[in-house]
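S.K.: Got a predicted model here, sequence first, then my questions.
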Amino acid sequence: MRDWMLQGCGAGWTKCSARAAVASMVGSALLFAPNALGNPEPPPATTEPPATTAEPTSAPNATGTLVVVGTGAEPATLFVDGNEVGTLPWTGELPAGTHEIVARSGHGLSATRKVVLSARGRNELELRVVENPSKLRVTTGLPGALIRVDGVPHASGLFDGEVRAGKHVVSVELQGYVPSTIDVDLQPDEQKTLDNVVLERAAPAPTRATPGKRGIYTIVAADGLLARPSNSFERACPAQAFGGNCDSTVNMGGQLDVHVGYSYGIFGLEGFAIGGTSLTVAHQEFPTDVNVSTPQNKVIDAGATPAPYSGIARKERYLIFEPIFGGGVAGRVSTQGKTYRLSTALGFGIAWRSAIVSRSVDGTVDAGAQGTLRRDSATLTPSGGERVVPLMVWDSDVQLGDTPGMRIFLGIHGQVELGSEPTIDLGTGSLGYTVTTGEHLPLGGGALTVRRSPTFFFGPRVGVITGF
């Protein structure tokens, strides 16, 4: 019927489709009609094979071996892909593939590692279990106090942070206070608080002498004394009026000075004492006889008072000694090196001076009788020779040695003396007598000024210093 219904479909697609639908419906009704009438027919046999359920296939040796060891202070448990598998060290079989491995202890955790296992392969792995840190809090009532943990600065006034578990030394410091030190022993995950650590004020430092700078010192020195001669023979030579000449050596000498003082550091205050002498040698020469006693210019008779500088041709020599003793006070300024110092001092005082003049005269008479050497000598004390004079001293030196201790030094010394000008009357003398007549040979002398004021001395200085 269906084929019949489809005949003539060439007339149009719409009409043909409608006929096909009707034929299909009629065919279906005829097919199932016997069942509805109670005469079923057996279903036609099928040629398709029955369905079967696929069995899963298992691949033999699809596992690998994993060996895990751990490092850490506590026993650790191993977790594979989030599942606990045992304690470390651990060896076991795992399916081939990628796995996440981690170890945990009571107070620590390792890093998570990914492991790729191959079938029948073997992987070895080490896990480091790091303990959980401890927490420490330190407070103090002093905002500027420095907080150290195991000697390392961490904060000022307040510290709140993590530290590793174990023993630590906590110190709190502030200038002007006694440092506080506390020992702590922290367990992993422990929280400890050191609250309001109290610092005590430090006792003030005692005011005492700084070693090497304050204390008593003693100086013993030898000073050279050099000065320009200023006696009257040097300034105005009497012998020049009679065709003669004069000369004088440098006023030279030396003295010992002792200083005892107290050093306050750079500045020191001291007392000093000095003692010594200076010497000048003066010469005067008369090349011919000098007779100024009478208008006739003749030598006076024996017993008469000779005129100044009268006498036979002669050479005169004068030794002028001037001892000195004195003392005073001085201030000293020094650098503060341990083994090397520069020092200078200025002082004022008074001195006692004396003068002693020793004269010797050589002359020749009676040249026709082969000549006779005549000599005269005398020791004279000038008027005003003993006197007290104002004194100013100055020295500067370089010191080498330990402080405190003994040091040697080398430097220069200066000295200024003021006061009177001692003058001596040379008086008269005798050069003996002539051998032909037995006549006495008188000698006349004038006035000699020993030196003028002020006198400036200058010279080298060497000695030792002990103490500070």
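M.R.: Great, that's in hand. On a predicted model such as this, the values are computed, not experimentally measured, just so you know.
S.K.: Now stretch 62-72: buried residues?
M.R.: By 16 or more other Cβ atoms under 10 Å, the buried positions in stretch 62-72 come out as Thr63, Gly64, Leu66, Val68, Gly70, Gly72. Every C-beta, even on glycine, is put in place using the N, C-alpha and C of the backbone.
S.K.: contacting residues around the first one?
M.R.: Put plainly, it is Thr63. Glu93, Leu94, Pro95, Ala96, Leu117, Ala119, Arg120 (Cβ atoms under 8 Å, 6 or more residues apart in numbering).
S.K.: Counting neighbours, which of the residues you listed comes out on top?
M.R.: Leu117 (20 neighbours; other Cβ atoms under 10 Å).
S.K.: Make a markdown table out of the buried residues of stretch 62-72 and add distance to Met406.
M.R.: Formatted as a markdown table, the buried residues of stretch 62-72 follow (distance: Cβ to Cβ, whole Å):
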| residue | distance to Met406 |
| --- | --- |
| Thr63 | 92 |
| Gly64 | 88 |
| Leu66 | 83 |
| Val68 | 77 |
| Gly70 | 72 |
| Gly72 | 67 |
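S.K.: As JSON lines, these with secondary structure and distance to Glu322 would be great.
M.R.: Listed next are the buried residues of stretch 62-72 as JSON lines, based on DSSP: H, G, I helix; E, B strand; the rest coil; distance: Cβ to Cβ, whole Å:
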{"residue": "Thr63", "secondary structure": "strand", "distance to Glu322": "123"}
{"residue": "Gly64", "secondary structure": "strand", "distance to Glu322": "119"}
{"residue": "Leu66", "secondary structure": "strand", "distance to Glu322": "114"}
{"residue": "Val68", "secondary structure": "strand", "distance to Glu322": "109"}
{"residue": "Gly70", "secondary structure": "strand", "distance to Glu322": "103"}
{"residue": "Gly72", "secondary structure": "coil", "distance to Glu322": "98"}
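S.K.: pLDDT-wise, what's the bottom of these?
M.R.: On pLDDT alone, Gly72 ranks lowest of the buried residues of stretch 62-72, at 77.
S.K.: Give me the distance between the closest residue in space to that residue that isn't next to it in sequence and Ile350.
M.R.: Nearest residue to Gly72, sequence neighbours excluded (Cβ to Cβ, 6 or more residues apart in numbering): Val129, at 3.3 Å. Distance, Val129 to Ile350, by Cβ to Cβ, to the nearest Å: 93 Å.
S.K.: The two: who's more crowded?
M.R.: Shown here are Val129 and Ile350; by other Cβ under 10 Å, Val129 has more neighbours (23 against 12).
S.K.: For that one, what are phi and psi?
M.R.: As for Val129, its main-chain torsions (degrees, to the nearest 10) stand at phi -90, psi 110.
S.K.: helices and strands around the helix or strand where Val398 lies, which ones?
M.R.: Element membership of Val398, judged by DSSP states H and E, is strand 387-401. Contacts defined by 3 or more Cβ pairs under 8 Å, 6 or more residues apart in numbering; DSSP states H and E place strand 387-401 against strand 314-334, strand 340-353, strand 405-417, strand 455-467.
S.K.: got CSV for the ones you listed, with distance to Asn245 and mean pLDDT too?
M.R.: Compiled in CSV, those are given as follows (distance: least, Cβ to Cβ, whole Å; pLDDT from 0 to 100):
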stretch, distance to Asn245, mean pLDDT
strand 314-334, 10, 94
strand 340-353, 29, 95
strand 405-417, 29, 95
strand 455-467, 24, 94
